[in-house]
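Enquirer: Got a sequence here, can you model it:
(one chain, ligands or ions: 1)
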Amino acid sequence: MISRRRFLERTGILAAGMSISQLSSPQSQLTTLDPDKLSPYVDPLPIPQIAQPNGMRPSPDDASIKLPSYRMAMRPIESKVHRDLPATRMWGFGSSSPGPTFETRSNQGLIVEWVNELPQRHFLPIDHTLHGAEKNLPEVRSVIHLHGGKTPPDSDGYPEHWYVPGKSATSHYPNRQEAAMLFYHDHTMGINRLNIYAGLQGMYFIRDEAEDALKLPRGKYEIPLLVYDRFLLPDGRLEYPVSDKPESPWVPEVFGNAILVNGKLFPYLEVEPRKYRLRLMNGSNGRFYRFSLGKLLTFQQIGTEQGFLPAPVAAQRVVMAPAERVDLIFDFAPHAGENILLRSDAFEIMQFRVAAKGTPDPSPLPPALRSFSRIPESSAVKTRRLTLDERMDLIRQSMGMLLNNTPWHMPVTEKPVLNTTEIWELVNLTEDAHPIHLHLVRFQILDRRPFDTFEFQDKGTVRFTGPAIPPAPTEAGWKDTVRADPGVITRIIIPFEGFTGRYVWHCHILEHEDNEMMRPYEVVVAGSSG
Ligand SMILES: [Cu+2]
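Expert: Numbering: from 1, shown residues only. I've put the predicted structure just below:
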């Protein structure tokens, strides 16, 4: 039997009743911060500023069209995560981490010059034994990817297309896709877990007319919540755990002692007694969450990573793996004058302070959000069986994970044809749940089905040990990241649309991604299939 222990650890389900500080186990002998000794809810929730264009530039598609153009500089910053802690050194965009939030509309293209203004030395521990992070390479490198974006390949932030301090790269985002919450983040080969942990991520919203027509809460009633854990020391310093091998400090997973929302520890937000739209995102390196509000109050989930669900789904909890997003509506009206906590199981994360009185709330909650049809399996022209594998050393310590037992540098093996649909079967042979993300595309979950992993490894045959489970109603929309549970075959159906060219697919546990759990794939024109 495959143990589900590690999945439970990730969600914190085993930790019910424990404080965050009891959970954390840094490999170093440093005195760690005990967040439970800090006063909670003394800092207001920061809302990142909206990014502003600094001019117009001709579209790469059609020079007669001018697109808004942005300059986003990656810089070292100092930021206070809590009133009673000294400022923390991080890397941000402009002057903040998370960086400024992009607001744009469907079919409104834009151009971003991503500028590396970081120092020459990294402040987090690089593992030079990892592929793509060798000692002969510059320490500080960056390349930015727009997660969830239907982006041309040369603008997608390929992990090997990094650039050093003093250099920049320009990306064109056509935004020819539906309303959704995307995010931008570093994707540099071999060090992306460190660059994101340092702070290089931010949010990106695409709007459209279908969204406008729903008349959902907006403006100050729509709150982005980017949640991520970090390991902080009592002096406010950001610590990244290391292994006990100085020459190879990589660790298979990182769980911080402090859970931040938009960069603050235990923030509060003053709200009116009315409906709010909460845009939640898990920006952690490896932690899973199971979010709830108050004492399991009911909220309405209205969207997943790639836009609206067909209809609102009532729920009391939502599980989120790294890089997953949910869109939800919560009505504070019955809670006037109360304080409502956002929790992940036993962990308190932030506080909503509901005013006693407010202005009337005209926002309806439409019973239908969008037309949506499930893609028939019969439309798939190809089914690929792809394993998720763990390499163990002689004493059963993880040496990292692989996709389809194939390291990054091997030739491309997945070459879907543009404008065709494929089914990918993610055969998870590890003891971990892995959030699997494909660049460029959106997909639907078909089902998850447990199987005998020993028989598969022994004979290569699939023997199912239980029925196929369809996606939960909260996952039954367009996704770009899917949780592949251990001992389970997770099937997704993917239309390959938009562009031909080289992209990547990978696990979004950043420690796994940086250590070979990432593969290139290539969308090709018909006739050159592989
Ligand atoms: Cu993984």
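
Enquirer: After the lowest-mean-pLDDT helix or strand in the chain, which helix or strand is next?
Expert: Using mean pLDDT, DSSP states H and E, the weakest-scoring helix or strand in the chain turns out to be helix 20-23, at a mean of 40. Moving toward the C-terminus from helix 20-23, the next helix or strand (DSSP states H and E) is strand 43-44.

Enquirer: Identify all contacting residues around whichever helix or strand comes after that following strand.
Expert: The helix or strand immediately downstream of strand 43-44 is strand 55-58, counting by DSSP H and E. For strand 55-58, contacts defined as Cβ atoms under 8 Å, 6 or more residues apart in numbering pick out 64-69, 111. Yep, even glycine has a C-beta here, placed from its N, CA and C like the rest.

Enquirer: Nearest to the ion: which residue in the stretch 201-350 of the chain?
Expert: Using Cβ to the ion, the single residue of the stretch 201-350 of the chain nearest to the ion is residue 286, 8.2 Å away.

Enquirer: Just to be sure, that residue is in a helix?
Expert: No. Assessed with DSSP: H, G, I helix; E, B strand; the rest coil, residue 286 is coil; it does not lie in a helix.

Enquirer: Now for the residue of the stretch 251-400 of the chain found nearest the ion: which residues touch it?
Expert: Residue nearest to the ion within the stretch 251-400 of the chain: residue 388 (7.1 Å; Cβ to the ion). When contacts are counted by Cβ under 8 Å, 6+ apart, residue 388 touches 401-403, 426-430, 434, 436, 484, 507, 517.

Enquirer: next one: residue 187
Expert: Contacts of residue 187 by Cβ under 8 Å, 6+ apart are 143-145, 157-159.

Enquirer: Which among the residues you listed count as buried?
Expert: 143-145, 157-159 (16 or more other Cβ atoms under 10 Å).

Enquirer: For the ion, state which of these is nearest.
Expert: residue 159 (15.8 Å).

Enquirer: Show me which residues of this structure are close to the ion?
Expert: By Cβ under 5 Å from the ion, the residues of the chain that approach the ion are 434, 507, 509, 512.

Enquirer: For burial, what's the neighbour tally of the third one?
Expert: Counted with other Cβ atoms under 10 Å, the burial measure for residue 509 works out to 29 neighbours.

Enquirer: and it, what does it touch?
Expert: 253, 285-286, 322, 432, 434-435, 517 are the contacts of residue 509 under Cβ under 8 Å, 6+ apart.

Enquirer: Backbone dihedrals for it, please?
Expert: Taking degrees, to the nearest 10, you get phi -80, psi 110 for the backbone angles of residue 509.

Enquirer: In helices, which of the residues of the chain next to the ion appear?
Expert: Within those, residues falling in helices by DSSP state H are residue 512.

Enquirer: Go through the residues of the chain next to the ion and name the one nearest residue 332.
Expert: residue 509 (33.7 Å; Cβ to Cβ).

Enquirer: In the stretch 401-530 of the chain, mark out all the strands, start to finish.
Expert: If DSSP state E, counting those that start in this stretch is used as the criterion, the strands of the stretch 401-530 of the chain fall at 420-428, 434-438, 444-450, 481-484, 488-496, 501-507, 518-523.

Enquirer: ok, residues contacting the second one?
Expert: Contacts of strand 434-438 with the rest of the structure, by Cβ under 8 Å, 6+ apart, involve 147, 321-324, 388, 401, 426, 428, 480-484, 490, 494, 503, 505-509, 512, 517, 521.

Enquirer: Just say helix, strand or coil for the spatially closest residue to residue 222 that is not a sequence neighbour.
Expert: Using Cβ to Cβ, 6 or more residues apart in numbering and skipping residues adjacent in sequence, the residue nearest residue 222 is residue 277, 4.3 Å away. Following three-state DSSP, the label given to residue 277 is strand.

Enquirer: ok, whatever residue of the stretch 51-200 of the chain ends up closest to the ion - contacts?
Expert: Across the stretch 51-200 of the chain, no residue is closer to the ion than residue 193, which sits at 11.4 Å (Cβ to the ion). Residues in contact with residue 193 (Cβ under 8 Å, 6+ apart) are 254, 285, 510-511, 513-514.

Enquirer: And for residue 172?
Expert: Taking Cβ under 8 Å, 6+ apart as the test, what residue 172 contacts is 59-61, 67, 109-111, 151-152, 155.

Enquirer: That one: which element?
Expert: Secondary structure assignment for residue 172, by DSSP H and E: strand 168-173.

Enquirer: Sheet partners, orientation included, of that strand?
Expert: The pairing partners recorded for strand 168-173 under DSSP bridges are strand 110-116 (antiparallel).

Enquirer: residues in contact with the partner strand?
Expert: 53, 57, 59-60, 67-74, 102, 104, 140-144, 163-173, 175.

Enquirer: helix or strand right after that strand?
Expert: Per DSSP H and E, the first helix or strand lying C-terminal to strand 110-116 is strand 144-147.

Enquirer: how about the spatially most central residue of the chain, secondary structure?
Expert: Ranked by distance to the mean C-alpha position of the chain (Cα atoms, centre = their mean), the top residue is residue 323 at 1.4 Å. Secondary structure assignment for residue 323 (three-state DSSP): coil.

Enquirer: For the nearest residue to it once chain neighbours are set aside, give me its contacts.
Expert: Closest residue in space to residue 323, ignoring its immediate chain neighbours: residue 508 at 4.0 Å, by Cβ to Cβ, 6+ apart. Taking Cβ under 8 Å, 6+ apart, we find residue 508 in contact with 321-323, 434-437, 481.

Enquirer: next one: residue 337
Expert: Residues near residue 337 by Cβ under 8 Å, 6+ apart: 273, 354-356.

Enquirer: Without its sequence neighbours, what residue ends up closest to residue 466?
Expert: residue 450 (4.4 Å).

Enquirer: Is that neighbour in contact with residue 468, as I believe?
Expert: No. Using Cβ atoms under 8 Å, residue 450 is not in contact with residue 468, being 9.2 Å away.

Enquirer: higher neighbour count, the two?
Expert: The residue with more neighbours, out of residue 450 and residue 468, is residue 450; 18 against 13, by other Cβ under 10 Å.

Enquirer: Could you pull out the helices in this protein for me?
Expert: Using DSSP H, helices in the chain cover 5-11, 20-23, 192-198, 209-213, 453-459, 510-514.

Enquirer: Worst mean pLDDT among those?
Expert: Sorting the helices of the chain by mean pLDDT places helix 20-23 lowest, at a mean of 40.

Enquirer: circling back: next, format the contacts of residue 193 as TSV and append neighbour count.
Expert: What follows is those, written out as TSV (neighbours: other Cβ atoms under 10 Å):
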residue	neighbour count
254	22
285	25
510	26
511	22
513	27
514	29
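
Enquirer: Among those, pick out the one closest to residue 460, please.
Expert: Closest approach between the contacts of residue 193 and residue 460, by Cβ to Cβ: residue 513, at 26.7 Å.

Enquirer: can you pull the contacts of that closest one?
Expert: Contacts of residue 513 by Cβ under 8 Å, 6+ apart are 192-193, 506-507.

Enquirer: Compare those and tell me which is most surrounded.
Expert: residue 507 (30 neighbours).

Enquirer: Hmm, that residue is touching residue 517, no?
Expert: Yes. Counting by Cβ under 8 Å, residue 517 is a contact partner of residue 507 at 4.1 Å.

Enquirer: Quick check: neighbours shared by the two?
Expert: In contact with both residue 507 and residue 517: 388, 401, 403, 434, using Cβ under 8 Å, 6+ apart.

Enquirer: Go through the residues you listed and name the one nearest the ion.
Expert: Comparing these against the ion with Cβ to the ion places residue 434 closest, at 3.4 Å.
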